[in-house]
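In: Give me coordinates for this.
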Amino acid sequence: MNTSENQPGENEDDGTADELEMSVSATESTSVTEGYADFLVTVTNRGDDSVTVPVVLETEHVYDALETLELDPGESGDAYASLEARTLGSGDHDWTVTAGDAVETGTVSVESTDDYDENRDDLELTVHLIDGATVRIQDGDTTARIGCNMTIFNHGDDPVSAVGTFEIADERAPITVDLDGRESTYLSETVELEEGKYEWTVTLDEETETGTLVVC
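Out: Next up is the predicted model:
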């Protein structure tokens, strides 16, 4: 973890910064395919008056207003962010956290993998429903509740909208996403199914994933 601090008295030209003490604990390295860059920001008011402190995280692709802290004299508050590594892309990425007039900087390294194509600029669909999975009906029930969880990531830098469907048995659920550039979203659809073997299909834009599911 990367930890940095802004101690009272470091900035003689700005009284607000002198009254704030900020520490940032941040991920130093992570994988582009599975990883996240986590940031924990702690701000302490060392002044004699109550303050309102906006906390903002900035990287090359991200501007995130994490929290606005209301701090009494001597009080501390936390702000937290977790960025999907694909949002940043492979390489070293400088970040800046500001809390009022206090500023901290650092770098997170995102490691590439050979089987991941970072040059694509379309939507990437990942379905977390395992192909061939078995779900058992609980005693006293006649159906099982099935959840299909999906992650959709926009590799492009521009906003995009897309529609699709999740289909299994006679169930058909629409999927709609609106994503900013290099943004991801997590979706979940649920159905109730009786005993049997089922084929499922998820389509979104030009992406399609299929599989089977056994309910017993």
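In: Ala102 touches Glu19, doesn't it?
Out: No. If you go by CB atoms under 8 Å, Ala102 and Glu19 don't touch, sitting 9.1 Å apart. In short, each C-beta sits where N, CA and C put it, glycine included.
In: Counting neighbours, go ahead and name the busier of these two.
Out: Neighbours per residue (other CB atoms under 10 Å) separate Ala102 from Glu19, with Ala102 holding more: 25 against 22.
In: pLDDT wise, what is the more buried one at?
Out: Note on Ala102: pLDDT of 93.
In: Quick check: beta-bridge partners of it?
Out: Going by DSSP bridges, Ala102 is paired in beta bridges with Ala99.
In: mind listing the helices for this protein?
Out: 15-19, 85-88 (DSSP state H).
In: now Gly140: how far from Thr33?
Out: Gly140 is 41 Å from Thr33, where distance means CB to CB, to the nearest Å.
In: what's the burial count for the residue nearest to Val127 when sequence neighbours are not counted?
Out: In space, and not counting its chain neighbours, Val127 is closest to Glu209: 4.5 Å by CB to CB, 6 or more residues apart in numbering. Look at Glu209: counted by other CB under 10 Å, it has 17 neighbours.
In: Pretty sure Glu209 sits against Glu124.
Out: No. When contacts are counted by CB under 8 Å, Glu209 is not listed as touching Glu124 (11.0 Å).
In: hmm, back to that, of Gly140 and Thr33, give the one with the bigger neighbour count.
Out: Neighbour count, other CB under 10 Å: between Gly140 and Thr33, Thr33 has more, with 15 against 5.
In: got a pLDDT number for Ala133?
Out: Looking at Ala133, the pLDDT reads 89.
In: what sits against Val215?
Out: Taking CB atoms under 8 Å, 6 or more residues apart in numbering, we find Val215 in contact with 134-137, 143-144, 146, 193-198.
In: Glu189 - how many residues pack around it?
Out: Neighbour tally, Glu189, other CB under 10 Å: 19.
In: Let me know the pLDDT of it.
Out: pLDDT, read off for Glu189, is 89.
In: do you know how far it is from Glu206?
Out: Counting by CB to CB - Glu189 and Glu206 are separated by 20 Å.
In: Next one: the residue lying farthest from the centre of the chain relative to His61, how far apart?
Out: Of all residues in the chain, Gly140 has its C-alpha farthest from the mean position, at 38.3 Å, by CA atoms, centre = their mean. Distance, Gly140 to His61, using CB to CB: 50 Å.
In: My guess is Gly132 contacts Thr210. True?
Out: No. Contact criterion CB under 8 Å: Gly132 and Thr210 do not qualify, at 11.5 Å.
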